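# Sequence first, then the predicted structure, then my questions.
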Amino acid sequence: MHACVWFDKAPSTPIRIDFATGSHFDRCMYESGDSVSLKISRSGLSCTAIGHVTQEYDDGCNRAGGIWTLAYRGGGYAGDTASYWHTSPASDRTARCTLQKSTPWTDVCRSEEVCGNRDVRWSVYDEPDLWVVFKPEMDGKEELFKADIAGKDSNGDEKSLLVEAQRSPTPACEYPPQHRILPLKHPFITLTREPPRRKVSRLCLPPQNPLPRRRLPLLQPQQQLHAQDRDGSPDHHAQRGPYLRAPRRR
């Protein structure tokens, strides 16, 4: 495995870039490489070897996949990437490395170049060399990187990395209807109530014009019906409404 940085312009003074391999986010990685330093004094691509990086090959890790992290800092610049490693089922026998949660413009390549790829694949029988290429001039200064890391640490964990790496669909910004009419068996009254809100993505904005709360309709007394029993006397049970009792005739 190799770690690289790309500079469009040569630094005014030589700078030192420190690469740190592995972190507490790593999962199912048999080897995570070594932390090394690289001195930069020219423009273009500069790379250094960081040792072996391999995924654990057991049933659990083959299903869930592995996570490996790499970060750099130096010369006022900083950035990082978390890559997802996965081995396909026996029918395919291919492995892949996909960059996730990376600083912008980070590449992973099969050769020493700027390739623009964020995903590489190879046969499980091969041991390819991979190059992770950072672009410090585009990633930004270290102060901005620290602010971004603080935001990630506040709500990012191993589970969120796995969910994003496995490309689970992002929940849509769907809001439930503000009110729902629940019909009762009684023919003269309907009830409205507000269902509980579902949790939605924090990126979703609330609706601008929510539906107004509906009022309960006024209860209309049932029209009194006069029925006759077989003997000709009024049927008092038939004169009762849903909530009002008809007066007894005298």
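Sure thing, it's come through.

# Show me which residues of stretch 61-76 are buried.
Judged by neighbour count using 16 or more other Cβ atoms under 10 Å, the buried positions of stretch 61-76 are 61-62, 65-75. Bear in mind the C-beta positions are built from the backbone N, C-alpha and C, glycine included.

# Return the member of the residues you listed nearest to Glu31.
Set against Glu31, the nearest of these by Cβ to Cβ is Trp68 (9.3 Å).

# and the host helix or strand of the closest one, average pLDDT?
Using DSSP states H and E, Trp68 maps to strand 66-74. Strand 66-74 comes out with an average pLDDT of 94.

# got it, and stretch 40-57?
On average, the pLDDT along stretch 40-57 is 92.

# for this structure, what spans make up the helices?
Ranges of helices in the chain, per DSSP state H, are 59-64, 136-139, 142-155, 158-165.

# Identify the residues contacting the second one?
The contact list for helix 136-139, computed with Cβ atoms under 8 Å, 6 or more residues apart in numbering, reads 5-9, 17, 72, 75, 77-79, 103-106, 145.

# The strand holding Trp68 packs against which elements?
Packing partners of strand 66-74 (3 or more Cβ pairs under 8 Å, 6 or more residues apart in numbering; DSSP states H and E): strand 2-7, strand 15-21, strand 29-32, strand 53-55, strand 77-87, helix 158-165.

# and with 7 Å instead?
Helices and strands touching strand 66-74, by 3 or more Cβ pairs under 7 Å, 6 or more residues apart in numbering; DSSP states H and E, are strand 2-7, strand 15-21, strand 29-32, strand 77-87, helix 158-165.

# The ones you listed: which one's closest to Ser123?
strand 77-87 (10.6 Å).

# Next one: Gly66 from Phe19, what distance?
19 Å (Cβ to Cβ, to the nearest Å).

# And the lowest mean pLDDT element among the helices and strands of the protein?
Within the chain, no helix or strand scores below strand 180-183, which has a mean of 41 by mean pLDDT, DSSP states H and E.

# Next, format the buried residues of stretch 61-76 as CSV and append distance to Arg110.
Compiled in CSV, the buried residues of stretch 61-76 are given as follows (distance: Cβ to Cβ, whole Å):
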residue, distance to Arg110
Cys61, 23
Asn62, 22
Gly65, 20
Gly66, 19
Ile67, 21
Trp68, 17
Thr69, 21
Leu70, 17
Ala71, 22
Tyr72, 21
Arg73, 26
Gly74, 26
Gly75, 28
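
# can you give me the angle the strand holding Trp68 makes with strand 2-7?
Calculated by axes from the mean of the first three to the mean of the last three Cα atoms, to 10 degrees, strand 66-74 forms an angle of 40 degrees with strand 2-7.

# got a list of contacts for strand 66-74?
For strand 66-74, the surrounding residues in contact (Cβ atoms under 7 Å, 6 or more residues apart in numbering) are 3, 5, 15-23, 25-29, 32, 53, 55-56, 78-85, 132, 134, 142, 161-162, 165.

# Which among these count as buried?
Buried among those by 16+ other Cβ under 10 Å: 3, 5, 15, 17, 19-22, 25-29, 32, 53, 55, 78-85, 132, 134, 142, 161-162, 165.

# which intervals of this protein have sub-threshold pLDDT?
When residues are selected by pLDDT under 70, those of the chain lie in 89-91, 140-250.
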